[in-house]
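> Here you go, sequence then predicted model.
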Amino acid sequence: MYCVKELVESRGCLQSVPSNYVFPENHDDCIISEEEPIPTIDYSLLTSGSLEQRSKVIHKLGNACREWGFFTVINHEVPKTLRDEMIKATEKFFDLSEEDKREYAGKKLFDPIRWGTSFNVKVDKTFFWRDYLKVHVHPQFNAPKNPPGFSEVQEEYCKKNRELASELLKGISASLGLEESYLQKTLNVGSNSHQLLVINLYPPCPQPEVVMGLPPHSDHGLLTVLMQNGPGGLQVQHNGKWVPVNLPPDSFVVNVGDQMEIFSNGMYKSVVHRAVVNGKATRISIGTGNGPPLDTVVSPAPELLDRENRHAGYRGITYKQYMELQQSNRLDGKSCLTHVRI
Ligand code: OGA
Ligand code: NI
């Protein structure tokens, strides 16, 4: 089984894509909306704004989670040099020989490091135009040995992402009318939290309109924090349309994952998104899935249910079981959540 990068490079000038990559539904049929940009959150106001600025940005954060499930984050505290180094090291990793990378190939969900292609080649009917490196980086840190220096950059980058996610989780907790620390306390988010680094590589494709980089799906964690090397490709489902995410340079795009939907009893919905590819340049996206500890049973927040006088709309499930559920099925929109909906 070739990964996409080797497929593209081994054929010299690849004119057309192999048939097992041709996506049955033509994604050009979908309605693309360019009108509405996703909301922007100024992180500096959350951490060092005046009381008034902070309450305004928390309100905005709440609206973004309720109406979009997606927002961009500007003025964050992750240095540009660190972001650039992370992208450079990623390029070097994917440039290693296939033999070097194969050391991490074909492993299981909870193996510390997994390199692969598509989503899960065991269950995918059509292959996706994407290679990946997935690393469980917290609470135990792991990293590939090569290229030299990757491990250090990766550790620092993931730590900074956790700090960002933690501040956002406080704001989101407050935006639900809960105490700032309620979400993190209830789900035991902290030193044992799980964090998964997911690096996606989308090589240029001779027929970008017939393949899919990543099919429509929602993310399993609480919050995903993602950056990209340049070219766009991420699209978000909003009011029945696909909205392309135009990410300003130096910003992150953050989205609500399935655990947040469960915790908020559906007030904040995880939103379906996908990645399309282009014909010109390699696109790299680097995401961290920030969740609770794997053994935390995630269920709707008791205080929210009491306050709203509602029944729980989801049954409790450990984060670990939830991840296993998602990995064992084909990626199909938000279908995984139907297993826990009451
Ligand atoms: C993901 C994802 C989008 C992108 O890794 O879960 O949705 O733009 N990635 O690569
Ligand atoms: Ni995703």
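Right, received. Where do you want to start? Ligands and ions are numbered 1, 2, ... in the order given.

> From now on I want contacts and neighbour counts done on CA atoms only, so please keep to that.
Noted.

> how about stretch 4-15 as PDB, C-alpha atoms only?
Below are the C-alpha coordinates for stretch 4-15, written out as PDB (Å, rounded to 0.1, in the frame of the first residue of the first chain):
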ATOM      1  CA  VAL A   4      -0.100   9.400  -1.400                       C
ATOM      2  CA  LYS A   5       3.300  11.200  -1.300                       C
ATOM      3  CA  GLU A   6       5.100   8.200  -2.600                       C
ATOM      4  CA  LEU A   7       2.400   7.600  -5.200                       C
ATOM      5  CA  VAL A   8       2.800  11.100  -6.600                       C
ATOM      6  CA  GLU A   9       6.600  11.000  -6.500                       C
ATOM      7  CA  SER A  10       7.000   7.400  -7.900                       C
ATOM      8  CA  ARG A  11       5.000   8.200 -11.100                       C
ATOM      9  CA  GLY A  12       7.100  11.100 -12.300                       C
ATOM     10  CA  CYS A  13       4.300  13.200 -13.700                       C
ATOM     11  CA  LEU A  14       1.100  11.700 -12.500                       C
ATOM     12  CA  GLN A  15      -1.700  12.600 -15.000                       C
END
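
> what mean pLDDT does it have?
Averaging pLDDT along stretch 4-15 gives 80.

> got it, and stretch 74-92?
Regarding stretch 74-92, the rounded mean pLDDT is 97.

> does it come close to ligand 1?
No - Stretch 74-92 lies out of reach of ligand 1 by CA under 6 Å from any ligand atom, never closer than 13.4 Å.

> same deal with stretch 110-118?
No - Stretch 110-118 lies out of reach of ligand 1 by CA under 6 Å from any ligand atom, never closer than 11.1 Å.

> mind saving the C-alpha coords of that stretch as PDB?
Only the C-alpha atoms of stretch 110-118 are listed here, as PDB (Å, rounded to 0.1, in the frame of the first residue of the first chain):
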ATOM      1  CA  PHE A 110      -3.400   3.600  20.900                       C
ATOM      2  CA  ASP A 111       0.100   2.800  19.700                       C
ATOM      3  CA  PRO A 112       2.100   5.900  20.500                       C
ATOM      4  CA  ILE A 113       3.100   6.800  17.000                       C
ATOM      5  CA  ARG A 114       1.200   6.000  13.800                       C
ATOM      6  CA  TRP A 115       2.200   7.000  10.200                       C
ATOM      7  CA  GLY A 116      -0.300   6.100   7.500                       C
ATOM      8  CA  THR A 117      -2.500   7.200   4.700                       C
ATOM      9  CA  SER A 118      -6.300   7.800   4.100                       C
END
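
> Appreciated, that's everything.
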